[in-house]
Every structure is written in structure tokens, then in C-alpha cells.
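*Asks:* Here is my input; please provide its structure:
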Amino acid sequence: MDTSELLRQETRTVWATAICFVLGTVAGLLVLQGPPRTLTGAGSLSMPVAAIAAVIAAAAFVVSTLQNRRGETDPMPPWQTVVSHVSAVALTVVFAAVTAFGTLLGGVVFAAGLPGFTAPALGGGLIAGVAAAVGGRFAYTAGVGIRTRDLATLLFGFLTIGTLFAMATSADPLWWQRNFSQLGLGARGWAFNGTLIVAGLLFATVGSYIGRDLHRLRGDAALRRIAAVVVLWGLTGLALAVVGFVPIELNRVVHWVAAISTLLLFAVAAVTSTGAVPGPPRALVIATVGLGVLVAAAVVLHWPVGLYSSAGLEAIAVGLGLVWMTTFVRVLAVLSPDEPRVSERASLLRG
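*Replies:* Numbering: from 1, shown residues only. Coordinates of the predicted model:
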């Protein structure tokens, strides 16, 4: 893409940001009529502003995708087209959720720093406009051409935002003495459980994009192996979503089976994905072996040493897993071409 095209794209992004701001402000003015509202709590600004910003961010991603990727799937066989469209729908949901949770977390942070702050309808509308502009710009830019490593970064950021919001709103301040599942208990548990559900969807979408990059790199000859990689990432995301759908207070057995399955499936997906990369590169082998060694060491320090609680072990395992994923997608980005690759096989399973 030449300089003039990059500048035109930036101009379109600025206009998209401005439109999102206007739409968010108008919607906020309409929804927030009445007496001044606080930032958080019952009848506050946070929930309606988060909903407005989420809807506008989702719309911005859809518009950007249609503008910049229209016709991309026309030469593709049906199965490849379906995969592309399903991934786009999933990302639309993800960008709405990221914007909503980011807005809610921002409300908690500003409420702590601005005690007693209230805003009338106009002020609330402007706040909604800013939230919509930030979320809309982010989503619109992603629609231009999101890459696998962008999704990995998005996953890390979303898990951080969602977990921090769940921690800030948890009814049990001592949850960390047990495990992260305690954040999903009670009426306020929706924040943590919702984070896991959307993160599960994002895991599956990352797997789809990993499959896309592997296909660009290896072609149709490796489709069966690539399909196995995508399925494993999809199952990992499904297991994580089940953890959120079934909180520990609802069914302890299902919850823990899904949680353990998530970790095991992630490990299998990591090894299988590494093996699917030609070579594989030394950096990726070191990262994969290092992940296994460090997770094993973390388990030993949790039990039998007892250095930290289950929450500490979970945080370490998830953090190491995301570091590995970042390394993997960066290596894959170096190896795979940027141009779409059209499959010559009419069927994914036969050909």
C-alpha cells in the first residue's frame, strides 16, 4: 500500500471516529434523559454508555469490513467462505464486548478518582460519544485488515480488562485466597463469567486465523493437519466458554471439568500448532518447551510447596500461555504471506 493510499485510509478513519462520536453523543442524549447520574451504581451512566459504545463499535467493524474486504471471498470455495464469514461475525461480537467492558472498567476507575461526580443528560451524552469514538475507531481500524498477532494482543487485553473489572466489582474481596472461579459467584459474577465466554469465542477465532496463516504458508496439501489445529483451538475456546456458562455455584463438577479441559486442550493445541509450522523455527521450539517447563515448575510451587493459592497458579499459567501465543503468532506472521490464498479444493475433507 503506497503513501497516498495510507493517507486516504487515515482520512477515512478520522471520519469514522467523528461519526461514531456524533452517533454516541446523540444516542446518549436520548437514553440518559432525566436527573444527573453517577458514574457507577444503580441507575448510573456506565451501563447505558457501555451498551451504546458497544453497538457503535460493532457497527464500525462491520462497515469497515464491508468497505475494505468486499469481494475477498468471491473466488473462494464455499467452505473457505463460510470460515471467513463466521470469523467476521465472531469478531463483531468480540469488538462489542471489548468496548463494553473497557467502558465499564473506565467507569469504575474514574468513579474512584471522582467521588460524588454526577453528569446531566448532555454530559452523559458527551461521555457516551467519547466512549463510542474510542471503541469505534479501534474496531474500524481492525476491519481494514486485522492480523493474527493483533487478535492475540486483543485476547490478552480483553482478558486483562474483563478480569480487572470483575475484581473491582467482586462481592468477595478475599477471592484471591482461593481461585479465580470465586469471581464468578453471585449476582456480580456476570462480569467474570461474561469475560470467559467472550474470551472463549476469541480463542476459537484466533485458531481460525492461525489456520488461515498456515494455509497461506503451506497450501492445500496440509489442509487436514491445519484443520486439526483449528479444531483444537475451537475446542479450547468452547471449554473456556463452558467455564463461564457454568459457574462453580451452578455445577461444580462441570465447571472444573471444563476448566481442566481448557488447560489440557490449550497444551495440545500449542504442541500441534508448533508441529504444523515448517521447521519449526528455533524461537518457537524454545518458547514451547519453555512453556511446559515453567508451567510444571509453577505447579510444583503451588503443590506441594504451597507458595501461592490456586488463583496464583491460574494467573501464572494463563500469563505464560498468552506469552507463548504471542511468540507463536509473531513467528507465524514472519513466515506467512499477507495476501489471501484461495483454496483449489471444493471440499475441506476431500480433494
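*Asks:* count of residues packed around residue 260?
*Replies:* 12 (other CB atoms under 10 Å). In short, each C-beta sits where N, CA and C put it, glycine included.
*Asks:* meant to ask about residue 233, not that
*Replies:* So residue 233, with other CB under 10 Å, has 26 neighbours.
*Asks:* starting at the chain centroid, how far to the strand or helix carrying it?
*Replies:* Using DSSP states H and E, residue 233 sits within helix 223-245. With CA atoms, centre = their mean, to the nearest Å as the basis, helix 223-245 stands 15 Å off its chain's centre.
*Asks:* What pLDDT is listed against the residue found closest to residue 90 once you drop the neighbours it is linked to in the chain?
*Replies:* Leaving out its chain neighbours, the residue that sits closest to residue 90 by CB to CB, 6 or more residues apart in numbering is residue 205, at 4.5 Å. Per-residue pLDDT puts residue 205 at 96.
*Asks:* do residue 265 as well
*Replies:* 95.
*Asks:* That one: neighbouring residues, count only.
*Replies:* Applying other CB under 10 Å, we find 20 residues neighbouring residue 265.
*Asks:* In this structure it contacts residue 235, no?
*Replies:* Yes: the pair residue 265 / residue 235 is scored as a contact, 5.2 Å apart, by CB atoms under 8 Å.
*Asks:* Show me what whichever helix or strand comes after the helix holding residue 233 is in contact with.
*Replies:* As assigned by DSSP H and E, the chain's next helix or strand after helix 223-245 is helix 252-276. With contact meaning CB atoms under 8 Å, 6 or more residues apart in numbering, helix 252-276 is reached by 181, 207, 210, 214, 218, 222, 225-226, 228-229, 232-233, 235-236, 239-240, 242-243, 246-248, 280, 284-285, 288, 291-292, 317, 321, 324-325, 328.
*Asks:* Point me to the helix or strand that includes the residue nearest to residue 90.
*Replies:* helix 190-218.
*Asks:* Compute the inter-axis angle for that helix and helix 252-276.
*Replies:* Using axes from the mean of the first three to the mean of the last three CA atoms, to 10 degrees, the inter-axis angle of helix 190-218 relative to helix 252-276 is 20 degrees.
*Asks:* so how far is helix 190-218 off the chain centroid?
*Replies:* That offset, for helix 190-218, works out to 7 Å (CA atoms, centre = their mean).
*Asks:* What helices and strands are in contact with that helix?
*Replies:* If contacts are counted by 3 or more CB pairs under 8 Å, 6 or more residues apart in numbering; DSSP states H and E, helix 190-218 sits against helix 78-113, helix 148-169, helix 223-245, helix 252-276, helix 310-335.
*Asks:* If we use 7 Å, what do you get?
*Replies:* Using 3 or more CB pairs under 7 Å, 6 or more residues apart in numbering; DSSP states H and E, the elements in contact with helix 190-218 are helix 78-113, helix 148-169, helix 223-245, helix 310-335.
*Asks:* Could you dump those into TSV with mean pLDDT and distance to residue 192 added?
*Replies:* Converted to TSV, the helices and strands packed on helix 190-218 look like this (pLDDT from 0 to 100; distance: least, CB to CB, whole Å):
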stretch	mean pLDDT	distance to residue 192
helix 78-113	95	11
helix 148-169	93	4
helix 223-245	96	8
helix 310-335	92	12
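*Asks:* Using CSV, lay out the ones you listed together with distance to residue 17.
*Replies:* Below are these laid out as CSV (distance: least, CB to CB, whole Å):
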stretch, distance to residue 17
helix 78-113, 13
helix 148-169, 18
helix 223-245, 31
helix 310-335, 27
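*Asks:* what residues are up against the closest residue to residue 339 other than its chain neighbours?
*Replies:* Nearest residue to residue 339 in three dimensions, chain neighbours excluded: residue 216, at 7.3 Å (CB to CB, 6+ apart). The contact partners of residue 216, taken as CB atoms under 7 Å, 6 or more residues apart in numbering, are 336, 337, 341.
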